[in-house]
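Q: generate a structure from the sequence data that follows.
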Amino acid sequence: MTIKPQDHAAVAWLHILIQFRDSPVLESFVKSLYQPVNVLHQGLTDLLDKRTLDTAKGAQLDGIGEIVGIRRLFQRDRTASVFGFKGQPLVKGFGEAPFVDTLDGTQQAVSEYIADEDYRRLIRFKIALNNGHATAEEIDTAMKYVFNASQVIIEETGDASLKIYFDQQSAPAFVLSAPENYVPRAAGVHLEMYGELAKLYFGFKGGLNTVGFGQASFINASDMIS
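A: I've put the predicted structure just below:
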């Protein structure tokens with residue numbers, strides 16, 4: 001539902017008797033009385049049109065996130081290494097770098113809230129978690145929302161394990177930093193995620209994106225993004 005735009009001051013002046021229409025002073029006075037109604041009209045229009053998930057921005061979008069149970073996250077760009085585990089970006093071992101918290105508040109750590117469009121994807125993901133059961137169709141839908149993926153291929157490899165192939169070129173950076181956190185899955189399900197749909201690997205007949213000996217390289221840990 002959309003409220004059509006309307007100039008209430010102009011409408012009010014049209015209702016004035018014709019013998020008074022030649023008075024610019026009266027016209028200005030009457031129209032001034034109805035300017036607050038135009039503001040109210042715009043406020044009601046925004047209430048209907050700018051508070052849905054597709055159109056909300058800023059604080060309105062934050063309100064939707066609070067309702068479904070996910071707050072606006074922030075992304076941190078670091079230029080200095082911190083303590084962490086092998087395989088994580090910009091990390092070192094014990095005694096070689098400080099913990100992340102000790103860098104917070106310095107110029108080496110810059111925090112900012114993620115953009116509305118990225119937050120919108122997270123809200124859609126949380127809605128999928130709230131209402132779904134981690135079926136293949138729901139995983140596909142959620143990944144297209146959050147990862148901005150045009151195609152997702154899901155392969156069940158047995159023993160409660162899934163391999164997921166998708167195109168990662170348009171995915172937000174904060175999602176790729178921990179992609180397994182943004183895939184709906186049942187408890188205990190193991191994920192292997194690959195961000196290149198077109199790349200082939202050595203594997204057995206029947207596997208997705210796999211070919212035989214001498215036709216492609218083995219899958220390395222560096223090929224996985226989770």
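Q: in the protein, which helix or strand is least confident?
A: helix 100-103 (a mean of 48; mean pLDDT, DSSP states H and E).
Q: which residues of this structure score low on pLDDT?
A: Along the chain, segments meeting pLDDT under 70 span 1-2, 73-91, 94, 98-112, 196-226.
Q: could you list the buried residues of stretch 155-169?
A: Under the neighbour-count criterion of 16 or more other CB atoms under 10 Å, stretch 155-169 has 155, 162-168 buried. Heads up, the C-betas are built off the backbone N, CA and C, glycines and all.
Q: I meant to write stretch 166-179 there.
A: Within stretch 166-179, the residues scored as buried using 16+ other CB under 10 Å are 166-168, 171-172, 174-175, 179.
Q: secondary structure added to these, as a markdown table?
A: Rendered in a markdown table, the data for those read as follows (DSSP: H, G, I helix; E, B strand; the rest coil):
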| residue | secondary structure |
| --- | --- |
| 166 | strand |
| 167 | coil |
| 168 | coil |
| 171 | coil |
| 172 | coil |
| 174 | helix |
| 175 | helix |
| 179 | helix |
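Q: number of residues surrounding the residue nearest to residue 172 when sequence neighbours are not counted?
A: Here the nearest residue to residue 172 in space, its sequence neighbours aside, is residue 118; by CB to CB, 6 or more residues apart in numbering that works out to 4.8 Å. Look at residue 118: counted by other CB atoms under 10 Å, it has 19 neighbours.
Q: what's near enough to touch residue 118?
A: 172, 174-175 (CB atoms under 8 Å, 6 or more residues apart in numbering).
Q: I would like the residues contacting stretch 140-155, please.
A: Contacts to stretch 140-155, defined as CB under 8 Å, 6+ apart, come from residues 121-122, 124-125, 128-129, 132, 136, 139, 162-168, 170-172, 175, 179, 182-184, 197, 207-209.
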